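1. below are the sequence and a predicted model; questions follow.
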Amino acid sequence: MRIDVVTIFPSYLQPLREALLGRAIDRGLLEVAVHDLRDWTHDVHQAVDDSPYGGGPGMVMRPQVWGEALDDVLATPDLPARLVVPTPAGRPFTQATAHAWAAEERLVFACGRYEGIDERVLLDARARGITVDEVSIGDYVLVGGEVAVLVMVEAVARLLPGVLGNPRSAAEDSFSDGLLEGPSYTRPEVWRELAVPDVLRGGNHAAIARWRRDRALERTRDRRPDLLDALGPDALDAADRAA
Ligand SMILES: COC(=O)c1ccnc(N)c1
């Protein structure tokens, strides 16, 4: 997968080259290119924003700069790409989104700051047949889209074949079966007088699987009843029985 990020703070994306993702890049599983939006300005101040029409606080990112930047970035390499614009006004980014995007050849992220990017940039891209997704990583506002890009790239890249050491990890993620993951334990058996649940130390794999499912149902009911509702009435009954 090829990932491009256009931003006025390229150094914000440096964490993508660390640890697991850095190794995936080194192994050629992922290609990441970060572009400085200011490279497409032509004035001495390298202005990327201007006052909003209609008044109001803050500044809006200029369409000319973004238009030229995206023209160039989307054209090289000339691969089918999904243009992603992180914004608090976007559709929710979920594990299902991450799985869908993991099948893409190319993702191009446009990092807005200030009050966002002039709407005509997205209209123009869509009019030229580019898939444009405006997505939010949660109900809160950041200063810029860069942090959201780090979140989304990590969520997508870990699903790419070969990135995670054990592919079962992704298969058994929270949300993979619609439930939150239950509690995990490792050695020692007793720590500060707290013991690992007996069932996990026995060899009965069916009992362990059932115990884990029950804990997942219970945790989901307690923390994310909305996810349980989405699974239907049987799931809620099962969660009540699991407690
Ligand atoms: C500037 O971008 C944001 O504030 C943002 C982006 C994606 N998701 C959010 N919840 C906020």
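-> Everything's here; your move.

2. quick one, strands of this protein?
-> With DSSP state E applied, the chain shows strands at 2-7, 31-36, 49-50, 60-61, 82-92, 106-110, 131-136, 190-191, 194-195, listed in chain order.

3. reformat those into TSV and put mean neighbour count next to each item.
-> (C-beta placed from N, C-alpha, C; glycine too.) TSV is the format used below for the strands of the chain (neighbours: other Cβ atoms under 10 Å):
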stretch	mean neighbour count
strand 2-7	23
strand 31-36	17
strand 49-50	17
strand 60-61	20
strand 82-92	18
strand 106-110	23
strand 131-136	17
strand 190-191	10
strand 194-195	10
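
4. just put those strands in JSON lines and tack on mean pLDDT and distance to residue 159.
-> As requested, the strands of the chain are arranged in JSON lines below (pLDDT from 0 to 100; distance: least, Cβ to Cβ, whole Å):
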{"stretch": "strand 2-7", "mean pLDDT": "98", "distance to residue 159": "13"}
{"stretch": "strand 31-36", "mean pLDDT": "98", "distance to residue 159": "16"}
{"stretch": "strand 49-50", "mean pLDDT": "97", "distance to residue 159": "34"}
{"stretch": "strand 60-61", "mean pLDDT": "98", "distance to residue 159": "30"}
{"stretch": "strand 82-92", "mean pLDDT": "98", "distance to residue 159": "15"}
{"stretch": "strand 106-110", "mean pLDDT": "98", "distance to residue 159": "12"}
{"stretch": "strand 131-136", "mean pLDDT": "98", "distance to residue 159": "16"}
{"stretch": "strand 190-191", "mean pLDDT": "98", "distance to residue 159": "33"}
{"stretch": "strand 194-195", "mean pLDDT": "98", "distance to residue 159": "34"}
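
5. quick one: contacts for the residue nearest to the spatial centre of the chain?
-> The C-alpha lying nearest the average C-alpha coordinate of the chain belongs to residue 152 (Cα atoms, centre = their mean; 1.9 Å). Applying Cβ atoms under 8 Å, 6 or more residues apart in numbering to residue 152 gives the contacts 84, 86, 93, 97-98, 101, 109, 135, 137.

6. just send the strands of the chain back as a markdown table, with distance to the ligand too.
-> As requested, the strands of the chain are exported to a markdown table (distance: least, Cβ to the nearest ligand atom, whole Å):
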| stretch | distance to the ligand |
| --- | --- |
| strand 2-7 | 11 |
| strand 31-36 | 17 |
| strand 49-50 | 13 |
| strand 60-61 | 10 |
| strand 82-92 | 4 |
| strand 106-110 | 11 |
| strand 131-136 | 4 |
| strand 190-191 | 37 |
| strand 194-195 | 36 |
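
7. dump the longest helix belonging to the chain to CSV, keeping only the CA atoms.
-> For the chain, the helix with the greatest residue count under DSSP state H is helix 205-223. The C-alpha trace of helix 205-223 is given here as CSV (Å, rounded to 0.1, in the frame of the first residue of the first chain):
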residue,chain,number,x,y,z
HIS,A,205,-9.7,-24.7,25.6
ALA,A,206,-13.5,-24.8,25.3
ALA,A,207,-13.9,-23.5,28.8
ILE,A,208,-11.3,-20.8,28.1
ALA,A,209,-13.0,-19.7,24.9
ARG,A,210,-16.4,-19.5,26.7
TRP,A,211,-14.9,-17.6,29.6
ARG,A,212,-13.3,-15.1,27.2
ARG,A,213,-16.5,-14.6,25.3
ASP,A,214,-18.4,-14.1,28.5
ARG,A,215,-16.0,-11.4,29.7
ALA,A,216,-16.2,-9.7,26.3
LEU,A,217,-20.0,-9.7,26.4
GLU,A,218,-20.0,-8.4,30.0
ARG,A,219,-17.4,-5.6,29.2
THR,A,220,-19.3,-4.6,26.1
ARG,A,221,-22.6,-4.4,28.0
ASP,A,222,-21.0,-2.3,30.7
ARG,A,223,-18.9,0.0,28.5
